[in-house]
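Trainee: prediction below, plus the sequence it came from.
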Amino acid sequence: MLKLTGTAGAAVAAAGTLGTARASAAERTWRVTGEDVAPLAHFDDVMKDYMQARGITAGSLAVARNGKLSLARGYTWGDESVATTGETDVFRIASLSKPVAATAAMRLAQEGELDLDAPLADLIDLSPLPGGTADPRLGEVTVRRALQHLGGWDRDLSGDPLWSTIAISREMGVDLPLGEEEVVSYVSGAALDHAPGTTYAYSNYGYLLVSRAIAAVTGTSFEDYVVSDILGAVDIARMRAGRSLARDQAGEVRYNSRYTSTSAVDMSGAQVPYPYGGFNLEIQLGNGGWVASAADIARFCTVYDTPEAAGVLTPASVDTVFAAPEAGGGATHYGLGWSVRPTADGENTWHTGSMPGTYTFLARSNGHTVVALFNQRKEGDDLNWGEIDPRLWGAVNEVGTWPTEDLTPIYF
């Protein structure tokens, strides 16, 4: 069993530029789409400053208050060769997918169809490859522990299998692209890095297993269940499972990265742009594979902002999602798919996401929800990409009188 490489250790080569995205600043112009909302005009300044400093060509922003959509904007910073970003264009949302998976699991638990404390091994096949031996502690990995990153897998110690499919395929002697079953049987033959329930260690793989458990108990695919019972319940129709290759990405923004990688979706051995075949997005739906607009994510958050109206989770279930875990808890902790921090006004809950060509941010606090999506992530620069958080909340606090119009009917 080899030690897997994570995202940072993947074999990539510098491509030198971001193609047409690297037009000089002098050639670029701003294009902004979406309804102008005068009291919130300063949000445009935040997004433009942030994107321009980093050379980001496409961004999407949504701001909601008490479940009502107040602002939905698309931003383009590029020359004429860069397509204009519509306010409903979809982006890969990366790990903003985790609150979606957790919501689906909590919904099933609420309906009595899934026990959050059931061992995953009782719900799905975790048999190792022939001749392999499973860690006996694997039976202690519950749905709840996987959602709270307490399953025992630690990518800093043994790597992230979802980002190491080329290496796994070589050791298994099977062709790319790998399917979920092959990844699971491979990892099931490896020792856990920690005893389940004892150590917080962020694990994309745990979310893959939860998505498979959801499929098992519902008798349908994970994607179909989320679309019908979570997204459909709040009228989200654009959000869908992402795909690795550009030919399968209608209505999606173009992703920028300076790196290339060996193809992870076929056996060609070709060097491809890292966001386009350098990793297998199809097996990452549970942890990071959805595509959506910022407005879609803000709409999804009505499940938590106005639970009675949304009708997906009860207030008691929402409390369970944000509750402290058995380990790695404290005032600030990771619940079921959300980071949670107490504030003077209640709770601040958030998540970020990052993969080649994508950086995403989602946060909720005191009735306000802000979502920002970008078609590029930090790569070799010394800028603080996390500053989008305080800058957007600064913009929230600058609003004098919030608009009363709800833009939801325009987009949903």
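Mentor: Alright, I've got the coordinates. No experiment lies behind these values; they were computed from the predicted model shown.
Trainee: please make it C-alpha for all contacts and neighbour counts, starting now.
Mentor: Noted.
Trainee: show me what contacts the most centrally placed residue in the chain?
Mentor: Among the residues of the chain, the smallest C-alpha distance to the mean C-alpha position (CA atoms, centre = their mean) belongs to Ser95, namely 2.1 Å. Counting by CA atoms under 8 Å, 6 or more residues apart in numbering, Ser95 makes contact with 287-289, 351-354, 360.
Trainee: for those residues, give me CSV that also has distance to Arg243, pLDDT and neighbour count.
Mentor: Rendered in CSV, the data for the contacts of Ser95 read as follows (distance: CA to CA, whole Å; pLDDT from 0 to 100; neighbours: other CA atoms under 10 Å):
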residue, distance to Arg243, pLDDT, neighbour count
Asn287, 14, 98, 30
Gly288, 11, 98, 28
Gly289, 8, 98, 23
His351, 22, 98, 20
Thr352, 20, 98, 22
Gly353, 17, 98, 20
Ser354, 16, 98, 19
Thr360, 17, 99, 27
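Trainee: what about these, which are in helices?
Mentor: Taking DSSP state H as the definition of helices, these contribute nothing to them.
Trainee: taking these together, which two end up most distant?
Mentor: Put simply, by CA to CA the two of those set farthest apart are Gly289 and His351, 14.7 Å from each other.
Trainee: Pro390: neighbouring residues, count only.
Mentor: Summarising burial for Pro390: neighbours were counted as other CA atoms under 10 Å, giving 10.
Trainee: tell me, what's the model's pLDDT at it?
Mentor: Looking at Pro390, its pLDDT stands at 98.
Trainee: after the helix or strand where it lies comes which helix or strand?
Mentor: Taking DSSP states H and E as the criterion, the element that holds Pro390 is helix 388-398. Past helix 388-398, heading to the C-terminal end, the next element that is a helix or strand (DSSP H and E) is helix 408-411.
Trainee: got the buried residues for that next one?
Mentor: Applying a neighbour-count criterion of 16 or more other CA atoms under 10 Å, the buried positions in helix 408-411 are 408, 411.
Trainee: mean confidence for it?
Mentor: The pLDDT scores in helix 408-411 average 98.
Trainee: now it, how far from the centre of its chain.
Mentor: The gap between the average C-alpha position of helix 408-411 and the chain average comes to 24 Å, counting by CA atoms, centre = their mean, to the nearest Å.
Trainee: for this protein, which segments count as helices?
Mentor: 42-54, 97-110, 143-147, 155-158, 165-172, 180-187, 204-218, 222-225, 294-300, 302-305, 307-310, 315-322, 388-398, 408-411.
Trainee: distance to Arg243 added to those, as TSV?
Mentor: What follows is those, written out as TSV (distance: least, CA to CA, whole Å):
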stretch	distance to Arg243
helix 42-54	25
helix 97-110	14
helix 143-147	24
helix 155-158	24
helix 165-172	16
helix 180-187	15
helix 204-218	16
helix 222-225	13
helix 294-300	18
helix 302-305	26
helix 307-310	29
helix 315-322	29
helix 388-398	27
helix 408-411	24
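Trainee: of all those, which lies closest to Trp338?
Mentor: helix 97-110 (6.0 Å).
Trainee: contacts for that closest one?
Mentor: With CA under 8 Å, 6+ apart as the test, helix 97-110 has contacts from 114-116, 147, 207, 210-211, 214, 225-226, 229-230, 285-290, 312-313, 317, 321, 336-338, 351.
Trainee: just the buried residues of those.
Mentor: With neighbours counted using 16+ other CA under 10 Å, those contain these buried positions: 114-116, 147, 207, 210-211, 214, 225-226, 230, 285-290, 312-313, 317, 321, 336-338, 351.
Trainee: next one: the nearest residue in space to Gly132 that is not next to it in sequence from Leu138, what distance?
Mentor: Distances taken as CA to CA, 6 or more residues apart in numbering place Gly189 nearest to Gly132, at 5.2 Å, with adjacent residues excluded. Using CA to CA, to the nearest Å, Gly189 is found at 10 Å from Leu138.
Trainee: do the same with Ser203
Mentor: Counting by CA to CA - Ser203 and Leu138 are separated by 15 Å.
Trainee: so which of the two has more stuff around it?
Mentor: Just comparing Ser203 and Leu138: by other CA under 10 Å the higher neighbour count belongs to Ser203, 24 against 20.
Trainee: got the contact list for that one?
Mentor: Contacts of Ser203 (CA under 8 Å, 6+ apart): 146, 149, 151, 153-155, 160.
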